[in-house]
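Colleague: coordinates only, sequence not included:
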């Protein structure tokens with residue numbers, strides 16, 4: 001009777017671990033094969049359920065702003081259990097975070113897709129249009145492409161994190177991020193100073209004054225001044241993800257740890273691409289050198305000069321950091337995670 005009870009308890013414990021997604025935090029010394037990792041299903045628990053023990057859920061007020069310091073112990077424990085493992089998914093998902101070298105990486109994917117024999121699916125719509133109908137349309141298109149090629153595919157678009165388990169195929173997420181202050185300034189300048197026709201039209205449509213400063217842009221919530229956008233992309237399309245709340249940050253961090261194969265840094269683009277080639281060898285080459293016309297296709301000397309001037313303004317930087325507090329916390333953690341993976345994978 002005692003043996004049977006112990007066996008039942010063990011089975012229950014295993015079910016709880018699987019349903020909570022804890023198997024993504026692998027103990028040291030246990031590294032599954034690429035086929036095992038590629039075919040392993042995602043956790044069946046709701047991707048939007050916040051654990052009652054979350055350090056963020058216990059430290060937020062009614063407005064979703066953190067009270068005091070935020071404990072990162074929970075995320076650090078999961079991070080410390082991750083291993084360097086090659087993955088072999090059938091589907092690669094690349095949600096393009098605005099102003100984070102996404103055009104360059106999309107170009108890289110397009111260039112190598114034929115050599116590595118996978119379908120390249122790109123949608124140029126913005127994440128603002130990421131409605132349930134858009135999700136269904138994307139899912140149907142991906143499923144159709146995979147069925148036709150009976151192989152692999154990469155889906156590229158500005159979109160918020162989404163659970164694609166309905167496809168029934170192993171998939172991996174990748175993306176790139178950058179310092180939140182630099183990303184915000186780049187976005188602000190793009191919307192306010194760009195000479196591109198569609199941006200000029202957007203300024204006219206949304207009545208954006210190209211001469212307004214960052215403080216005014218934040219106050220009126222203009223285009224290009226969306227706050228905590230990195231956190232939003234990793235959190236998802238749920239309502240609570242729309243603002244930089246503690247709840248949104250919690251989900252963003254958990255998705256980063258449990259759903260993303262690689263999150264590269266714009267500041268270290270070459271090493272990031274090397275990590276992509278190491279972890280996802282059937283989608284990326286281990287070594288690659290893109291032409292300057294690709295890597296710096298959006299560079300603008302006037303814009304760079306304006307950006308540096310804003311970065312030297314301490315009050316402006318503090319204002320941006322305060323408005324994007326969740327992105328600052330997220331980026332700091334993601335950066336440490338990136339260099340930990342680089343070290344574990346023996347790159348550099």
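Modeller: In hand now; what should we look at? Small disclaimer: the values here were computed from a predicted structure and weren't measured.
Colleague: all the helices of the stretch 51-200 of the chain, in order from the start?
Modeller: 73-81, 102-113, 132-149, 180-193, 197-205 (DSSP state H, counting those that start in this stretch).
Colleague: where does pLDDT dip in the stretch 201-348 of the chain?
Modeller: For the stretch 201-348 of the chain, residues meeting the criterion pLDDT under 70 lie at 289-302.
Colleague: if we can go back for a sec, need the helices of the stretch 51-200 of the chain in a markdown table with distance to residue 247, can you?
Modeller: In this view, the C-beta of every residue, glycine as well, is placed from N, C-alpha and C. Rendered in a markdown table, the data for these read as follows (distance: least, CB to CB, whole Å):
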| stretch | distance to residue 247 |
| --- | --- |
| helix 73-81 | 14 |
| helix 102-113 | 26 |
| helix 132-149 | 21 |
| helix 180-193 | 19 |
| helix 197-205 | 30 |
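Colleague: deepest of those, which one?
Modeller: Across the helices of the stretch 51-200 of the chain, the average number of neighbours (mean count of other CB atoms under 10 Å) peaks for helix 180-193, which reaches a mean of 22.
Colleague: just to revisit the earlier point, out of the helices of the stretch 51-200 of the chain, nearest to residue 283?
Modeller: Among those, helix 102-113 comes nearest to residue 283, with 7.6 Å by CB to CB.
Colleague: circling back: who wins for proximity to residue 89 among the helices of the stretch 51-200 of the chain?
Modeller: helix 132-149 (11.1 Å).
Colleague: can you list contacts of that closest one?
Modeller: Outside helix 132-149, the residues that touch it by CB atoms under 8 Å, 6 or more residues apart in numbering are 90-91, 118-119, 121, 123, 125, 152-153, 155, 157, 159, 162, 164, 166-167, 169, 237.
Colleague: do the same with stretch 211-221
Modeller: Residues outside stretch 211-221 that contact it (CB under 8 Å, 6+ apart): 185, 188, 192, 209, 222, 224-225, 227, 310, 316, 319-320, 323.
Colleague: buried residues in it?
Modeller: Within stretch 211-221, the residues that count as buried by 16 or more other CB atoms under 10 Å are 212, 214, 217-218.
Colleague: from the chain's centre, how far out does that stretch sit?
Modeller: Per CA atoms, centre = their mean, to the nearest Å, the displacement of stretch 211-221 from the mean C-alpha position of its chain is 26 Å.
Colleague: mind putting the buried residues of stretch 211-221 in CSV, distance to residue 286 and secondary structure included?
Modeller: Converted to CSV, those look like this (distance: CB to CB, whole Å; DSSP: H, G, I helix; E, B strand; the rest coil):
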residue, distance to residue 286, secondary structure
212, 46, coil
214, 40, helix
217, 42, helix
218, 42, helix
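Colleague: circling back: right, and the helices of the stretch 51-200 of the chain - which one's nearest residue 328?
Modeller: With CB to CB as the criterion, residue 328 lies closest to helix 180-193 of the helices of the stretch 51-200 of the chain, at 5.4 Å.
Colleague: helices and strands around that closest one, which ones?
Modeller: helix 197-205, helix 214-220, helix 229-235, helix 301-311, helix 314-323, helix 325-344 (3 or more CB pairs under 8 Å, 6 or more residues apart in numbering; DSSP states H and E).
Colleague: which of these is buried the deepest?
Modeller: Buried most deeply of the helices and strands packed on helix 180-193, by mean count of other CB under 10 Å, is helix 229-235, with a mean of 27.
Colleague: that one: what's the following helix or strand?
Modeller: With elements assigned by DSSP states H and E, the helix or strand that comes after helix 229-235 is helix 246-259.
Colleague: give me the helices and strands touching that following helix, please.
Modeller: Short answer (3+ CB pairs under 8 Å, 6+ apart): helix 246-259 packs on helix 73-81, helix 229-235, helix 325-344.
Colleague: first-to-last residue distance for stretch 103-121?
Modeller: With CA to CA, to the nearest Å applied, stretch 103-121 spans 14 Å between its terminal residues.
Colleague: and what of stretch 307-320?
Modeller: Counting by CA to CA, you get 13 Å between the two ends of stretch 307-320.
Colleague: next one: stretch 127-134
Modeller: Stretch 127-134 has an end-to-end distance of 10 Å (CA to CA).
Colleague: rewinding a little: mean pLDDT lowest for which of the helices of the stretch 51-200 of the chain?
Modeller: The minimum mean pLDDT among the helices of the stretch 51-200 of the chain belongs to helix 197-205 (a mean of 83).
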